[in-house]
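Undergrad: predicted model and sequence follow; I will ask about them next.
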Amino acid sequence: MILKRGLNITNPMEIAQKENWLQIQHELSLRKLIEGSEYQEDLKYDFNIKGELRHLDTNESFAFNYYKSGFEQNHKRYEVLGHFITQYVYELLERVCMLQKVYIPTDATEDEPRSFFFMSKNALTSSSSLIILLQDRGVFRAGQWGQKTIVSEGLSHGTQIPFIKMALQSCWEVIVLNPNDNFTDLKTEKQHFSTKEEAVTFTQSVWWIPKRGSSSPEEHTMYVWDHFISKSAAKNVAFIAHGYGGLVFVDLLVQRKCEVMNKVFSVAFIDSVHNTQHQTRNNPQIQEWILKWCREWVSNSKPLNKTVDFLLRTNCPTFSAGTEKCGLAPSCCLHAIFKYLKSSLKAKTVTAFRQSPVETRSSTKKKRASK
């Protein structure tokens, strides 16, 4: 038996599949994106075969305090690194996970700012279960649970790729939302960080234009639901929502109550910041649905899957993520979440079968006699 921290991998097949995608990501190389920019000497980093960010010469982890001039310049360097990581993760979603980038709004004009999200090839046409990944709020984009976690802990812990791969291996379809891609900076949208001066412009520009249909995480999620998820062939949809993503899902549930209740069979919250009573305005039907079909994992000192009680919070069954580090919570409860989703799907399938009318020989004879 082989154990790896956070992912709790014990199956040799899963270990081989994990190492396979890490091998592919290593071949793509973050370094290739950084080369050619003015930061190629200041950011001599790449992800190793384990998916860890390491310095090319010293093999040390990322050092924030690189310039002696102070915080501001070091922070700008970190922002540039974050930009390259974002582009790199996009590549991984398309070339490792084989997801397709879908631009929205669907009726955008040629020069209109657009957002996008990612989905598996048959996400809209397959009747298989559909998993929706909804991240926390922050500077990071689609495919990331947390940029800081990627930098400090690596791709296996900070990206959504292990979740995507596990869903696909379970023969489920996947949609990766991009709720934090809300604005276009008209001054820098075509500059791609080729010089240090442009990086400064990136943080100081005030020419922010909201993207129609995606000006906020809530609007982005609602748009993708209305135009894609609700129209998909999948009868069983599940959400995995982290941090602010949990609040966004509850907002969707309130705004599209009947649709969501009919199509979503389960929700896994991770360190969610939603407020059931406030957001649902004490609607008993919605609160009952959340209690029945949702489960939450939170950063906690208790072992993984141990019950965690909150005295002042009525929500849904809540369990420990098996870590006190918020950034590691998603990767630590990965297997627990998929075990829960599969059991929920099985329970729903059994219930639906029991409730469906069963045709017997006698009922068939009665039908024929009535004709």
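TA: Received, thanks. Computed from a prediction, not measured in an experiment: that's the story for all the values here.
Undergrad: packing partners for the longest helix seen in the chain?
TA: Using DSSP state H to define each element, the chain has its longest helix at helix 71-95. Counting contacts by 3 or more CB pairs under 8 Å, 6 or more residues apart in numbering; DSSP states H and E, helix 71-95 packs against helix 12-28, helix 31-34, strand 100-104, helix 147-153, helix 161-169, helix 196-204. Where you see a C-beta, it was placed from the backbone N, CA and C, and this is true even at glycine.
Undergrad: ranking these by mean pLDDT, which is last?
TA: Among the helices and strands packed on helix 71-95, helix 196-204 has the lowest mean pLDDT, at a mean of 43.
Undergrad: so after that helix, what's the next helix or strand?
TA: strand 208-210 (DSSP states H and E).
Undergrad: residue contacts, the residue nearest to residue 155 when sequence neighbours are not counted?
TA: Nearest residue to residue 155, sequence neighbours excluded (CB to CB, 6 or more residues apart in numbering): residue 51, at 3.6 Å. Applying CB atoms under 8 Å, 6 or more residues apart in numbering to residue 51 gives the contacts 22, 25-26, 154-156.
Undergrad: and residue 51, how far is that from residue 157?
TA: Distance, residue 51 to residue 157, using CB to CB, to the nearest Å: 8 Å.
Undergrad: with residue 128 instead?
TA: Residue 128 is 27 Å from residue 157, by CB to CB.
Undergrad: which SS class is the residue nearest to residue 155?
TA: At residue 51 the chain is in coil, as set by DSSP: H, G, I helix; E, B strand; the rest coil.
Undergrad: mind starting the numbering at 40 from now?
TA: Happy to do that; since the first residue is 40 now, the last one works out to residue 90.
Undergrad: quick one: pLDDT of it?
TA: Model confidence at residue 90 (pLDDT) stands at 94.
Undergrad: measure it to residue 66 for me?
TA: Relative to residue 66, and taking CB to CB, residue 90 is found at 12 Å.
Undergrad: endpoints of stretch 157-174, how far apart?
TA: Start-to-end span of stretch 157-174 (CA to CA, to the nearest Å) is 13 Å.
Undergrad: wait, a strand at residue 156?
TA: Yes. When classified by three-state DSSP, residue 156 is found to be part of a strand.
Undergrad: tell me which residues touch it, please.
TA: So residue 156 contacts 140-141, 143, 181, 214-217, 259, 263 (CB under 8 Å, 6+ apart).
Undergrad: list buried residues within these.
TA: Neighbour-count burial (16 or more other CB atoms under 10 Å) applied to the contacts of residue 156 gives 141, 143, 181, 214-217, 259, 263.
Undergrad: max pairwise distance over those residues: which two?
TA: Taking CB to CB as the measure, the buried ones among the contacts of residue 156 span a maximum distance of 13.2 Å, between 143 and 215.
Undergrad: so how many other residues sit close to residue 147?
TA: 15 (other CB atoms under 10 Å).
Undergrad: now the helices for the stretch 240-389 of the chain?
TA: Along the stretch 240-389 of the chain, the stretches classed as helices by DSSP state H, counting those that start in this stretch are 256-263, 283-294, 296-302, 315-319, 323-332, 368-371, 373-394.
Undergrad: residue 167 and residue 196: who's more crowded?
TA: residue 196 (25 against 18).
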